[in-house]
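**Student:** what's the 3D shape of this:
(chains A and B)
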Amino acid sequence: MSDLTVVGKRVERVDVRAKVTGGAVYAADVQMAGMLYGKIVRCYDYAHARVTELDLSKAAKCKGVIKVLGPKDVTQKEYNGSVLDMMVSSDMRGILGDIDDQSIFTTHVKHYGDAIAAVIATSEEAAERAAEKIIVTYEELPVYLTAEAARQSDARQFRPEKPGNLAFQLPEMAFPDNAYAWGEVDKSFEEADIIVEDTFYVPKQKQCQMEPGAYIALYDDQERLNCWTSTQMPKLVQKKLANLFELPMTRVRINATVIGGGFGARLGMVLEPETCALAMAVPGRPVKVLSTREEDWVTSPSRHPGKYWMKMGFKKDGTPVACDAKFENYKGAYYMDASGTAFTTGAWLGGMYKFDSLRYRGESYYTNQSVCGAFRGYGNPQTNFVMEQMVDRGCAALGVDPIEWRKKWHKTIGDDGWCIGVPYNSCALDECLDRAAKAIGWTEKRAKYKNQTGTIRRGIGVSVMNHTSGAMPMLLEHTVCDALLHQDATVTLNLACSDMGQGSHTTLRQVAAETLGFPYADVHIAAGDTDAAGFDIGAHASRTLYVGGGAVKQACEDVRKQIFDRAALELGEAVGNLYMEDKVIHVKGASNKSISVQTIADQGVNNFMNPENGELIGQPGQIQGYASFFPPHNAPPFGASIAEVEVDMETGEVKVIELVNAHDVGRAIHPGIVEGQLDGGAQQGLGMALTEETYYDEKGICLNNSFTDYKMLGPSDMPKITNILVENPDPTGPFGAKGVGEAGIVPPVGATANAIFNAIGIQILEAPITPEKILEALAEKD
Amino acid sequence: MKKHAITLTVNGEERDLIVPSNRTLLDALRDDLGYTDTKYGCGTGECGACTILVDGMTTINGCLTLAATMNGKSITTAAGLARNGHLHPVQEAFIENDAIQCGFCTPGMVLKTISLLDENPRPTEAEIRHGLEGNICRCTGYTKIVEAVQDASRRITGSNVSAIGE
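**Tutor:** The predicted structure is shown next:
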């Protein structure tokens, strides 16, 4: 593969010049003539209440107010803000039981920050002032913040069709015994010599993407609904809005703006429905809705928190005989991704180790918390925190080295992957583990940190993960790509894949240039206009390079084939006798016979006919490549992290000293981008393990929906990071690439927890592992 | 609300405007003058997305500053860093070190870096990390940003740092 000229190179990213000068246009930066501003009135007094009275009259009289809208002034249709229900087939949707349960404005407040009404005014300030004049009277209702509380028999029901407030459990029809399972778990445990079991808590982590939600909508003179949004999923949001407002898709246009970070927070609709409802109330005027940080926090989805029970059994020789697990998540007020996360959390568990038998149950319970949905990893970080600590507890009981055990028992090529029945087709996890261990000095440090005394103790821990590149076959991965050859032999690709900052437009352009045999500079990616682009499922599940790249490659191969077919006709040679060099097509062994791509492209559009005699010159018509691409697999990425920590036994503080990440990435199309994904993932993974949690008081009032009160690791908190890219090309990925967008967040979670276990000899069962929890655990031990 | 007539020099261009007492510099720059390169990330001075340079090398948070208090001040935003069609060396360093992902923190991060290097042209890694504590990035884990600042420190001589914001 050394003949690659663009793939594998650290080319300049497509968007960085605009971003470094501030010229990149994010949704909040869009200005339009006649712009109006919307302010949504939210309930910040209660997490569960009924609106008994709503008085909009005073607000309507305020200066600058154009319109005030309550629940009855907008469509009464309900919707589901997540797009997950559109990523599966209709049959599967029915089996999963996904429902629409969100309203644009509500009279039944189900979480802190639920939307009640809105003001449209001539300035943002006027809208805010008027919003303060809306008088809402509430009847307080009992608050249920956990699954345990929500499933009490006397608890109020969130939805009649979901009795017991059980939004979702794995459906019997697809998952007998409501479990994702193989083998006979109860029987297998009888063969176990060592059994470990515990109940963990995984936290409600927030994406904290730097750009808060910003939306503009315009119902224009052609009665088309236009929405400017930094969504990760333009085509599915287009369809969702079309459904909600009962418009044909031709009358809904998403203009995808530059995305200031996503990490799942924009995987679906957030305030697009509200903004569009406002715009439809004032036809012809654009309406802008800007979320404050605090508002974005409680309206965009978070990671699913909850209780996670797990039990593992091993034989004396280390054989993993059985794993039984149950994740009960505190879903939040609305259904959203209730089915998806409850399933995948177990899928990642099932995809990791060769247990003789395994049974996972996933349940989502409605609670009066703000909504949960997609967050980088989609259940995998939760599983990593629990599974990897249980494995290390098992290894401690067995007296075996955690790396050696993992190397022996992780699943590999030929074993069922995260989807039972779909075997792994590539796996370089052993190399990841070996290289990570060597880089950090695992063996020496594990020996050195035994039997420590004193206040400051060091520890070192490992964790591994499997993930996915797109979600085939569970979700219907699909990208459409057009590749247009211009008269000057440059190419514009038109597709709906979004770039959240992860660099996908850069890597897609690299794939295009490499496939075409053109310079990187000769390719442009046009993306984000749903009028122009064909279907794309959206940026989720680490799939944009793998699936979008597959579509780009196929469309560019189509262009290349058409170029060669025309060259063959022009040169009177078989295609097989031709080769391209510097965009000129030559005949093998005949140095005088050639035609440039430029000539072919120009003839097709500008000079295809002799006007004097009407004879054709060359081959008429513009060359355009097309692909409607479905990936054949899900090219599983694997990864290992080893973390070294220092624990202060007196204060309980944990400092991560070093982190080594070794990932099986298939092929690094752009090594700098891959490293960036692993670095950024690590900041979020370490944060989940150590500091990040959304707190509520007993009334369900969110206590830390701001950067002031929610602790992310800052530049001085971050450890030295070493990233090792193991390149073992996947047989199905474009140039062997696997998805890497989510992988980086996963193994630092378990590695940090295991390093703390190694340092202090105790496992902390609740994430984040705060100093308070460590001190409490140390006190209990004494 | 009382209104104030003020003059700001933004990226070398003098601009007159009338602002109510409660208008933040961030809103004045973004909404009144169109400098949308200055970003709203939190509105409470936590994230640094609205970092700007004032009268040379001092950084402030636009979201915590009232525009009316800035009369006569000279302000530099990310849009004003290029000279004669060339990006500032700090901007080049951010590009070449892959220190930019979503880009939302980038204008503020670049301006903070310029201020930091003006104060301390050869910072240690710890000094860089400490210096960037007021600017949140959620994409990069700071690794490549720190590398970019180190690289910028090598590229910059004292004179071309302080040429900015004159």
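
**Student:** Point out the residues in the stretch 501-650 of chain A that sit beside chain B.
**Tutor:** Contacts of the stretch 501-650 of chain A with chain B, taken as CB under 8 Å from any CB of the partner chain, map to A:501, A:502, A:503. To be clear about C-beta, it is placed using only N, CA and C from the backbone, and glycine gets the same treatment.

**Student:** Out of those, which is nearest to chain B?
**Tutor:** Chain B lies nearest to residue A:501 out of those, by CB to the nearest CB, at 2.8 Å.

**Student:** can you list the domains in chain A?
**Tutor:** Using automatic domain parsing, the domain ranges for chain A come out as A:31-141+A:210-261+A:266-299, A:306-472+A:633-781, A:478-629.

**Student:** Now render the residues of the stretch 501-650 of chain A next to chain B as TSV, adding secondary structure and pLDDT.
**Tutor:** Below are these laid out as TSV (DSSP: H, G, I helix; E, B strand; the rest coil; pLDDT from 0 to 100):
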residue	secondary structure	pLDDT
A:501	coil	96
A:502	coil	96
A:503	coil	97
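
**Student:** Buried ones among those?
**Tutor:** A:501, A:502, A:503 (16 or more other CB atoms under 10 Å in any protein chain shown).

**Student:** where do the helices sit along chain B?
**Tutor:** B:25-27, B:89-96, B:106-119, B:125-131, B:143-155, B:158-162 (DSSP state H).

**Student:** okay, these, which one's buried deepest?
**Tutor:** Highest mean neighbour count among the helices of chain B (mean count of other CB atoms under 10 Å in any protein chain shown): helix B:106-119, with a mean of 26.

**Student:** what angle separates that helix from helix B:89-96?
**Tutor:** When axes from the mean of the first three to the mean of the last three CA atoms, to 10 degrees is applied, the directions of helix B:106-119 and helix B:89-96 differ by 130 degrees.

**Student:** Look at residue A:712 and give its secondary structure.
**Tutor:** Under DSSP: H, G, I helix; E, B strand; the rest coil, residue A:712 falls in the coil class.

**Student:** For it, which non-adjacent residue is closest in space?
**Tutor:** Closest residue in space to residue A:712, ignoring its immediate chain neighbours: residue A:687 at 5.3 Å, by CB to CB, 6 or more residues apart in numbering or on different chains.

**Student:** contacting residues for the one you found?
**Tutor:** By CB atoms under 8 Å, 6 or more residues apart in numbering or on different chains, residue A:687 lies in contact with A:205, A:711, A:712, A:713, A:768.

**Student:** cutoff 10 Å now
**Tutor:** A:203, A:205-206, A:208, A:693, A:710-713, A:717-718, A:745, A:748-749, A:752, A:768, B:138, B:141 (CB atoms under 10 Å, 6 or more residues apart in numbering or on different chains).

**Student:** and the host helix or strand of it, how far out from the chain's middle?
**Tutor:** Assigned by DSSP states H and E, residue A:687 falls within helix A:671-690. Distance of helix A:671-690 from its chain centroid, counting by CA atoms, centre = their mean, to the nearest Å, is 14 Å.

**Student:** And that helix, what's buried?
**Tutor:** Buried residues in helix A:671-690, defined by neighbour count with 16+ other CB under 10 Å: A:671-690.

**Student:** repeat for stretch A:475-488
**Tutor:** So, applying 16+ other CB under 10 Å, buried residues of stretch A:475-488: A:475, A:476, A:477, A:478, A:479, A:480, A:481, A:482, A:483, A:484, A:485.

**Student:** and if you look at stretch A:462-477?
**Tutor:** For stretch A:462-477, the neighbour count (16+ other CB under 10 Å) marks A:462-472, A:474-477 as buried.

**Student:** end-to-end on that stretch?
**Tutor:** Criterion CA to CA, to the nearest Å; first-to-last residue distance in stretch A:462-477 is 32 Å.

**Student:** does chain B sit close to that stretch?
**Tutor:** No. Using CB under 10 Å from any CB of the partner chain, stretch A:462-477 never reaches chain B; the gap is at least 17.0 Å.

**Student:** circling back to that earlier point, can the helices of chain B go into TSV with extra columns for distance to residue A:359?
**Tutor:** Listed next are those as TSV, based on distance: least, CB to CB, whole Å:
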stretch	distance to residue A:359
helix B:25-27	54
helix B:89-96	49
helix B:106-119	47
helix B:125-131	46
helix B:143-155	40
helix B:158-162	62
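
**Student:** Which of those comes out lowest on mean pLDDT?
**Tutor:** Lowest mean pLDDT within these: helix B:158-162, a mean of 54.
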